[in-house]
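**Q** Kindly return the folded structure for what I paste below:
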Amino acid sequence: IAVPASTNGPAKVALVIGNSLYPDAYAPLAQPANDARALAATLQRDGFDVEIIENADKSEMRGAVERLKAKIRPDSVAMLFFAGFGVQVGRESYMIPVDAAIWKASDVRRDGTSIESVLAAMKERGARAKLVVVDASRRNPYERRFRSYSHGLAPINAPENALVLSSTAPGQVIDDANGQNSLVVAELLNNLKSSSADATTVFNKTRAAVSQASNGKQVPSVSSSLSDDVHFGDKTPATVAKAGS
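**A** Prediction:
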């Protein structure tokens, strides 16, 4: 069970999801689990109360979202990270669990978890700032079943006081790079080393670094409606909790 990062001042809470083992994929995804572990450790260092889940099925993902919601109090900084397969239906982007059975668009809504719904829940709970990092614009085994080609993710509109980093532009898909971490997570981790940086600067520097490293082939999108600075570098001790611990 995760221990709140701080009893004084706004709490910082995060849910980190890395889904690598999809039965419908040709092979396991090499990076999401690694990315989730590395980011969870970094957020813990920066004072977040972190829950990390890997290879989560539908019920595990939804349960983790409910636990995140329960931790949020007014003035909290709440963060969601998801790496794995994502699918857009309509104007929403869905995080796909490993047990999804998707053959048509309605199956995405049934089995997936909408990123917009998590942002709405953060807002409903009164979070001061809402941070989202989505690394899920991969070619997936689902969309070709009900579309002629893969469309990537829909634009994720930031509600009030939110900051969203997506691994590439809306409607684009990318292939996983070589290495232990995805390109966007590797650059995000590098920028998080600067303890004084605010979240907007971190996300924008990550966007620029990924674009440069990929020679413009991968350009992340950043959507911001933050009205004040949010800093990652609080060194208050925290714990990383794995689901069920």
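
**Q** Does residue 112 touch residue 98 like I think?
**A** No. In this structure residue 112 lies outside contact range of residue 98 using CB atoms under 8 Å: 11.6 Å. The way it works is simple: take the backbone N, C-alpha and C, and place the C-beta from them, glycine included.

**Q** So if I had to pick from these two, which one is more boxed in?
**A** residue 112 (25 against 20; other CB atoms under 10 Å).

**Q** Around the nearest residue to that one once chain neighbours are set aside, how many other residues sit close by?
**A** Once flanking residues are discounted, residue 112 sits nearest to residue 94: 3.1 Å by CB to CB, 6 or more residues apart in numbering. Using other CB under 10 Å, residue 94 has 28 neighbouring residues.

**Q** Any stretches of the protein with poor pLDDT?
**A** Filtered on pLDDT under 70, the chain yields the residue ranges 1-10, 147-150, 177, 195-196, 234-245.

**Q** Show me where it has its helices.
**A** Applying DSSP state H to the chain gives helices spanning 32-45, 58-71, 105-111, 115-124, 143-146, 183-192, 199-213.

**Q** need those helices in JSON lines with distance to residue 166 and mean neighbour count, can you?
**A** Shown next, in JSON lines, are these (distance: least, CB to CB, whole Å; neighbours: other CB atoms under 10 Å):
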{"stretch": "helix 32-45", "distance to residue 166": "14", "mean neighbour count": "22"}
{"stretch": "helix 58-71", "distance to residue 166": "19", "mean neighbour count": "17"}
{"stretch": "helix 105-111", "distance to residue 166": "17", "mean neighbour count": "17"}
{"stretch": "helix 115-124", "distance to residue 166": "9", "mean neighbour count": "18"}
{"stretch": "helix 143-146", "distance to residue 166": "17", "mean neighbour count": "15"}
{"stretch": "helix 183-192", "distance to residue 166": "9", "mean neighbour count": "22"}
{"stretch": "helix 199-213", "distance to residue 166": "10", "mean neighbour count": "19"}
